[in-house]
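> Give the three-dimensional model of this entry:
(4 chains, ligands or ions: 6)
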Amino acid sequence: MNRYFKAEITKNLPLNSKNNLLTLFPLEPVIDPEPGQFYMIEVSDSYNPLLKRPFCCLRKTPDNMQFLFTVRGKGTALMKEFRKGQVIHLIGPLGSGYPEARKGCTPVVIAGGTGIASLFSFIERTPDSSRVIYGAKTKDELLMLDELRKAGIRLTVCTDDCSFGEEGMVDQIFMNFLRSNESIRTSCVLYACGPRPMLRAVAAIARDNNIKGYASLEENMACGFGACLGCAVNTVKGYKRVCKEGPVFPIQEIVW
Amino acid sequence: MNRYFKAEITKNLPLNSKNNLLTLFPLEPVIDPEPGQFYMIEVSDSYNPLLKRPFCCLRKTPDNMQFLFTVRGKGTALMKEFRKGQVIHLIGPLGSGYPEARKGCTPVVIAGGTGIASLFSFIERTPDSSRVIYGAKTKDELLMLDELRKAGIRLTVCTDDCSFGEEGMVDQIFMNFLRSNESIRTSCVLYACGPRPMLRAVAAIARDNNIKGYASLEENMACGFGACLGCAVNTVKGYKRVCKEGPVFPIQEIVW
Amino acid sequence: MDLTVDIGHLKLKNPVMTASGTFGYGEEYAEFVDLNMLGAIVVKGITLKPLEGNPPPRICETPCGMLNAIGLQNVGLKRFLKEKLPYLRAFDSKIIVNVMGNTLQEYVKLAGALDEAGVDGIELNVSCPNVKKGGIMFGTDKKALANLTAKVRQAVRQSILITKLSPTVPDIPKFAVIAEENGSDAITLINTIPGMAIDTRTWQPKLANITGGLSGPAIRPVAVRMVWEASRAVKIPVIGVGGIMNVDDALEFMLAGATAVQVGTGNFLRPTATVEIINGLWTYLDKKGISNVKDIIGGVNGESIHSNLNN
Amino acid sequence: MDLTVDIGHLKLKNPVMTASGTFGYGEEYAEFVDLNMLGAIVVKGITLKPLEGNPPPRICETPCGMLNAIGLQNVGLKRFLKEKLPYLRAFDSKIIVNVMGNTLQEYVKLAGALDEAGVDGIELNVSCPNVKKGGIMFGTDKKALANLTAKVRQAVRQSILITKLSPTVPDIPKFAVIAEENGSDAITLINTIPGMAIDTRTWQPKLANITGGLSGPAIRPVAVRMVWEASRAVKIPVIGVGGIMNVDDALEFMLAGATAVQVGTGNFLRPTATVEIINGLWTYLDKKGISNVKDIIGGVNGESIHSNLNN
Ligand SMILES: Cc1cc2nc3c(=O)[nH]c(=O)nc-3n(C[C@H](O)[C@H](O)[C@H](O)COP(=O)(O)OP(=O)(O)OC[C@H]3O[C@@H](n4cnc5c(N)ncnc54)[C@H](O)[C@@H]3O)c2cc1C
Ligand SMILES: Cc1cc2nc3c(=O)[nH]c(=O)nc-3n(C[C@H](O)[C@H](O)[C@H](O)COP(=O)(O)OP(=O)(O)OC[C@H]3O[C@@H](n4cnc5c(N)ncnc54)[C@H](O)[C@@H]3O)c2cc1C
Ligand SMILES: Cc1cc2nc3c(=O)[nH]c(=O)nc-3n(C[C@H](O)[C@H](O)[C@H](O)COP(=O)(O)O)c2cc1C
Ligand SMILES: Cc1cc2nc3c(=O)[nH]c(=O)nc-3n(C[C@H](O)[C@H](O)[C@H](O)COP(=O)(O)O)c2cc1C
Ligand code: FES
Ligand code: FES
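Ligands and ions are numbered 1, 2, ... in the order given. Below you'll find the model as predicted:
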């Protein structure tokens, strides 16, 4: 079982103009990832871009690994060009994922945009009682909706532009949800992933309501496995590595 | 009419493991090349490799440009991956090609290996009386043979390993040819392209027999159009630019 | 929209110049670029006497860069004035001549003659890594640089005087200050960084000259840093050069503090690079609602140690 | 086949080391690489007191390179000796500790303590571009370097002493000679080159520290050149580092004159890079019919100005 392995691209399905669902066939025996863990994916062998890019695994069977990615810059633009049959290197699974919710606690999952990629496998494994709030800018950017519905959890969807589901940002929806479920405050545990401003807003609500939980962070990464100290994030306990102690941190420990 | 233009790849046909026939469709009106002129072809937009690569045009119609290339290093390896539909930048035609033979002179064309790419369009236009000596290491590396036969010229083919045609290097064949055609010495004019050692040998024979002619040279190029002075070659008249005064030079002017 | 910038008493119609040695004497680009569009044309380094340059191979590639050891091949002052300058004069662009001497006297002679010939600017190349004597000696020795700049200044009356510094020093701001204090109207940063590459098949250096100067995108971070450091140390304009391939790269230099930029190796990849960058500046300013290009010079937020920039 | 090389009195089983700061304290690579296979493990720079490092973002990419401004985050001498060294000691590889001080006294203390603790080698980092005081000051000032090396030498009895020089000087051979004359057993070249990158969308520097150190393939030609220059100036071994990604790159450094090489950024791209290079050396020597790796050191043909190399 190797954490540095080759995989063949079997499918690279565009979901919309900016998002693709990438399917890989690992060419070596690989380790199963925990929800929230990630992989460093080689996007080019030209040294420009130089570094691998971090991505969460959506789903994994022995023969298949699925990744959901959004085109943001140069590296992900190259990933959009990945062709069937191409062989790439990966490192992973890496980092510390989402801890399971303790007995009696209700997981409240909050995903913003591509944050759903990090939380998807957590949602698939979480009990039916969980709540999921999933938001995106527009209807178009809501991904994997059918699969999420299948999972049987209680899903609230929202869009910033009101083109689908409820209107507003996930933190507003979360706020409303707390207001209408006073009792849940004491029993819920947060799982959040999304853009930094969203996480900051959610963390503020959590603090104000004395709610515990976890957030998955992003930072530029060189190695992905703890060696370069490049991915530091400031926490109440000093700098921590997003790739090793994270990407998932107790939400109240992060210094925003 | 632009000398810097875009073209779409319409075909990239492997002729054998190391050689491809590349067909481009120019997306802008372009200038017709003279035999021996060349184009700078963009092999990658990753800056690694950074520079365009020089190639001679085999054939050109208004809608089609054909190039023959041998995989030698990184750039040509990337060219082997060129896909139909891909759009690339080219600069050309560039440099000074083969001057026409004066009336009464018999062109003797000597091509070694991929040197045939440079001489192909010259051969197609040259009178039937011309002689062509074309050599390669093995039978496999003899390219465009059918097309050359069609052209109707008097063709002698040779391979180093004797796997096809006559045995030996082109310079030996040329030597034999001179021996058996004493009269031709005074009336022939050379056109040579191939690896540097071959050209050196041919130039020596030409000098010893007081034969005039032309050789097309190679040198590392940055710009291809005379600006960087990077492609200097030593001649009896000082350094000259392979990309501007060349690639075709009077064979006796080159300091080997 | 205002794209003009001032270098000394010269007003450039836009901040985009060519880098010396990469644009020949202008002619070679005439069919790719309307030479009238350029902020300034900086021509290949000129020496007093013609130089034939180094033996081949003179260039090779490296990751995201290239090495060159042209060896300052050039037609010499006399032929430049007679054969090359008249052609350039026909265009409505400022003409800046890069000069290299083996001795202080040669620099002074060159600068004096060019000033008299009425070129718009003279760029002192004290940083050429590919010639044995002179040049880089002045660019790495503070006293020599001070003396050279001061003496050349006395010989130059009309043209602006630019000093092109060597990147091979630990304290670029000090060299920038010396150039300023001794009369330079501007500073150009950076020249190529000395480098070397070896063919592991043949055990031969890839350049006949063994070492050469590294240019291209590979050196851009080093150049941007030096422009940032130097522009904070001096009041005269800094001209940024090193790995500029497109408008985004040019903007990076201007944000770092460059008043103008030079495009070098980028011209080889896209002979139209300079005009593409000029057009790109228009588009960028328009999109950002900025009416004067001067408003982006030094615009980088260089104060706050900010956290979580990318998120 | 003999892959061993000697650095001072140390015999390395092969010439491949890790570069400081890119290999953590070894642990992080244990599952990718058999640490017993390495010529030497050079660990992250250690300071007397723990350092928490710079705020994020600490790294960004540049063409064929990356900038880092980690700020020497490290556990400090005490915890290194207690928590990290015992783990490393379990492997049959030489352990070299990179050290950084703000003052001469700190260097001496660090080196003395590590020597006493029995590490195989001490690498003086006098070239860190990412800390405010100390470090690079010693690497760019000849007198300071001479004094530092001499004083540290007195404190070090068993370990070999390596000086890792700064690439930001015009005359690397002189600095190499100073290190040699004052008792260094070897020289490491090069540390990262200071650089900067700016996000043109936000006008923010891409690093919170504003500037950082450039590493990766982009700097390889500069590093190879410095190794070539330095190795011709001194008798002690030169350890080459800068942009080594594969065996071909490693060979380039050895041909230029490096007795050993360090792999830095290359480990991030392929965590198995070091062993791949070691295996690649075997294959190369075998193919070339060379029985001793020492026979390739400095093998580049550095004499003849040859022409027409590529043809
Ligand atoms: C642990 C972890 C897990 C992740 N999992 C996933 C996942 O499963 N799916 C997924 O899609 N992403 C995921 N990401 C994010 C993903 O790694 C980044 O989007 C990717 O690395 C960006 O690479 P790039 O080369 O395309 O962008 P770069 O060119 O490297 O750009 C870097 C940053 O600059 C900014 N940027 C660049 N260009 C633009 C632009 N045009 N407009 C706005 N901003 C821009 C962005 O903030 C970007 O992150 C994850 C990140 C981490 C740290
Ligand atoms: C005017 C001109 C016209 C040309 N026309 C043609 C043409 O029509 N068709 C054509 O095929 N070529 C032509 N060439 C040659 C062609 O340009 C080169 O082969 C090409 O640039 C090599 O690029 P590369 O990136 O693949 O090699 P690089 O990686 O740049 O290698 C550079 C040189 O190193 C050597 N080299 C690299 N790798 C190896 C290896 N594995 N084994 C042996 N040697 C190696 C070769 O000598 C090579 O030229 C022409 C050259 C010139 C100057
Ligand atoms: C082929 C070539 C020739 C050069 N000749 C000169 C020169 O004559 N004088 C000079 O000052 N700089 C010369 N330079 C340096 C450039 O002007 C420029 O400073 C350097 O290449 C960095 O910019 P770039 O990365 O955009 O090329 C030359 C560069 C190259 C690539
Ligand atoms: C993330 C990172 C951290 C580094 N930390 C140190 C360090 O602590 N001490 C040191 O001497 N060099 C340090 N370096 C420099 C490397 O050891 C090496 O000299 C440099 O990166 C060039 O080699 P490379 O291109 O192979 O990475 C660091 C480099 C990187 C990329
Ligand atoms: S990315 Fe290297 S330590 Fe986290
Ligand atoms: S390749 Fe630039 S002058 Fe010939």
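
> how about the residue in the stretch 201-311 of chain C that ligand 4 sits nearest to, secondary structure?
Nearest residue of the stretch 201-311 of chain C to ligand 4, counting by CB to the nearest ligand atom: residue C:218, 11.7 Å away. (C-beta placed from N, C-alpha, C; glycine too.) Recorded secondary structure, residue C:218: helix (DSSP: H, G, I helix; E, B strand; the rest coil).

> So which elements touch the longest helix that chain C contains?
As assigned by DSSP state H, the longest helix anywhere in chain C is helix C:273-288. Applying 3 or more CB pairs under 8 Å, 6 or more residues apart in numbering or on different chains; DSSP states H and E, we find helix C:273-288 packed against strand C:16-18, helix C:247-256, strand C:258-263, helix C:266-269.

> again, only this time at 6 Å
With contacts taken as 3 or more CB pairs under 6 Å, 6 or more residues apart in numbering or on different chains; DSSP states H and E, helix C:273-288 sits against strand C:16-18, helix C:247-256.

> what sits against whichever residue of the stretch 101-250 of chain C sits closest to ligand 5?
As assessed by CB to the nearest ligand atom, ligand 5 sits closest to residue C:221 within the stretch 101-250 of chain C, at 19.4 Å. By CB atoms under 6 Å, 6 or more residues apart in numbering or on different chains, residue C:221 lies in contact with D:62, D:67, D:195, D:196, D:197, D:214.

> Near chain B, which residues of the stretch 201-311 of chain C are found?
C:216, C:217, C:268, C:271 (CB under 6 Å from any CB of the partner chain).

> What's the local residue count around residue C:27?
Other residues lying near residue C:27 total 14 when counted by other CB atoms under 10 Å in any protein chain shown.

> and it, what are its phi and psi?
phi -50, psi -40 (degrees, to the nearest 10).

> Distance-wise, check residue C:238 relative to ligand 2.
35 Å (CB to the nearest ligand atom, to the nearest Å).

> Does that residue touch residue C:187 like I think?
Yes: at 5.1 Å, residue C:238 counts as touching residue C:187 under the criterion of CB atoms under 6 Å.

> State the helix or strand in which residue A:78 lies.
Assigned by DSSP states H and E, residue A:78 belongs to helix A:74-80.

> what is the mean pLDDT for that helix?
The average pLDDT for helix A:74-80 rounds to 97.

> model confidence over the helix or strand just after that helix, on average?
Next helix or strand after helix A:74-80 toward the C-terminus (DSSP H and E): strand A:87-94. Strand A:87-94 carries an average pLDDT of 97.

> The helix or strand just after strand A:87-94: partners in the sheet, and parallel or antiparallel?
Under the assignment DSSP H and E, the closest C-terminal helix or strand after strand A:87-94 is strand A:106-112. Strands that pair with strand A:106-112, judged by DSSP bridges, come out as strand A:131-136 (parallel), strand A:188-193 (parallel).

> Relative to ligand 6, which of those is closest?
strand A:131-136 (50.6 Å).

> roughly how far apart are residue C:10 and residue C:112?
Distance of residue C:10 to residue C:112, given as CB to CB, to the nearest Å: 19 Å.

> if you count what's nearby, which of these two comes out ahead?
Relative neighbour count places residue C:10 above the other of residue C:10 and residue C:112, with 20 against 16, counting by other CB under 10 Å.

> For residue C:94, which residues are in contact?
Contacts here follow CB under 6 Å, 6+ apart; on that basis residue C:94 touches C:10, C:40, C:120.

> still on that earlier bit, most widely separated two among the residues of the stretch 201-311 of chain C next to chain B?
Within those, C:217 and C:271 form the most distant pair, 17.2 Å apart (CB to CB).

> roughly how far apart are the residue of the stretch 51-200 of chain A found nearest ligand 6 and ligand 1?
Nearest residue of the stretch 51-200 of chain A to ligand 6, counting by CB to the nearest ligand atom: residue A:74, 28.6 Å away. Noted for residue A:74: a distance of 4 Å to ligand 1, by CB to the nearest ligand atom.

> That residue touches residue A:49, doesn't it?
Yes: contact criterion CB under 6 Å: residue A:74 and residue A:49 qualify, at 5.4 Å.

> Of those two, give the one with the bigger neighbour count.
In terms of neighbours (other CB under 10 Å), residue A:49 is the more surrounded of residue A:74 and residue A:49; the figures are 22 against 15.

> and the more buried one, what is it in contact with?
A:74, A:75, D:61.

> and the spatially most central residue of chain A, which of the three is it?
The structure's chain A has its C-alpha centroid closest to residue A:118; by CA atoms, centre = their mean the separation is 1.7 Å. Secondary structure state of residue A:118, per three-state DSSP, is helix.

> Residue C:101 too?
Under three-state DSSP, residue C:101 falls in the coil class.

> Not counting its neighbours along the chain, what's nearest it?
Nearest non-adjacent residue to residue C:101, counting by CB to CB, 6 or more residues apart in numbering or on different chains: residue C:107, 3.9 Å away.

> ok but that neighbour is inside a helix, no?
Yes: the assignment for residue C:107 (three-state DSSP) places it in a helix.

> Closest one to chain B out of the contacts of residue C:94, please.
Closest to chain B out of the contacts of residue C:94 is residue C:40 (16.5 Å), distances taken as CB to the nearest CB.

> And the closest one, its phi and psi?
According to degrees, to the nearest 10, residue C:40 has phi -160, psi 150.

> Quick one: neighbours of it, just the number.
Neighbour count of residue C:40, defined by other CB under 10 Å: 25.
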